[in-house]
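> take this sequence and fold it.
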Amino acid sequence: MRILNSFTFITINGLYKGLLEDISWHGHGGGEEADFASKNAQSNHVLLFGRKTYDMMSAFWPTPMAAESMPEIAKGINSAEKIVFSRTLKVADWNNARIIGEDMIKKIKELKKTEGNDMTLLGSGSILSQLSDAGLIDQYDIMIDPVAIGQGAPIFQSIQNQLNLKLKSQRVFASGTILLQYVPRE
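Below is the predicted model of the structure:
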């Protein structure tokens, strides 16, 4: 049975993106965070996205700039199997990407029952809320950047049900960035 993780980076005031989808505030920590990201990119997880996150990621990671500035991360992300959940996207032309436009909750339940690589949802706030409400996320990895921004979208902006979590582990990077790993409380 597959595990479904989520990975979301947020500001200290709980926003996962700023106005106009801005995430330029993330990732200024340096070496330790880059090593962490590089190891995660080599995990062979199936990467899950909503359309907006897919559009943003597919516009950067296949580029020569990504390959030059972060070669290990680019290699891992570009070679990973990718699923984008969208009812509006018609073509997913990024390497190893496919679109699922049907009932996302039903499809995730089916995928979790099959053999294969574990899955990681990257960003995708509305999908994170929907999968959380359905009880389908097995682990929440939340990276808190030491920055606050004025406006943006909260990580669980559209959650409908209370989410009770238990801290599994934490890591503090030299930059002040904190990684918290939570699992649902039983």
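> just the pLDDT for the residue nearest to residue 166 when sequence neighbours are not counted.
Residue nearest to residue 166 in three dimensions, not counting chain neighbours: residue 185, with 4.6 Å by C-beta to C-beta, 6 or more residues apart in numbering. All C-beta atoms are positioned from the backbone trio N, CA, C, and that covers glycine. On pLDDT, residue 185 comes in at 93.
> centroid-nearest residue for the chain?
Closest to where the C-alpha atoms of the chain average out (C-alpha atoms, centre = their mean) is residue 122, at 1.3 Å.
> who are the contact partners of that one?
6, 7, 8, 47, 48, 49, 53, 57 (C-beta atoms under 8 Å, 6 or more residues apart in numbering).
> most neighbours, which of those residues?
residue 48 (28 neighbours; other C-beta atoms under 10 Å).
> so it: helix, strand or coil?
strand (DSSP: H, G, I helix; E, B strand; the rest coil).
> any chance you could map the strands in the protein?
Per DSSP state E, the chain has strands spanning 4-10, 15-18, 46-50, 82-85, 97-100, 119-122, 139-144, 152-154, 165-172, 178-184. These are given in chain order.
> now the residue nearest to residue 166. Its backbone dihedrals?
phi -80, psi 130 (degrees, to the nearest 10).
> so where's the protein uncertain?
Counting by pLDDT under 70, the chain contains low-confidence residues at 28-30.
> which stretches of the protein form helices?
31-41, 51-60, 64-69, 71-79, 104-113, 125-133 (DSSP state H).
> give the buried residues for the fourth one.
For helix 71-79, a neighbour-count test (16 or more other C-beta atoms under 10 Å) marks 73, 74, 75, 76, 77, 78 as buried.
> pick out whichever of those sits closest to residue 127.
residue 77 (17.9 Å; C-beta to C-beta).
> what's the burial count for the residue nearest to residue 166?
9.
> which ones are touching it?
By C-beta under 8 Å, 6+ apart, the contact list for residue 185 reads 164, 165, 166.
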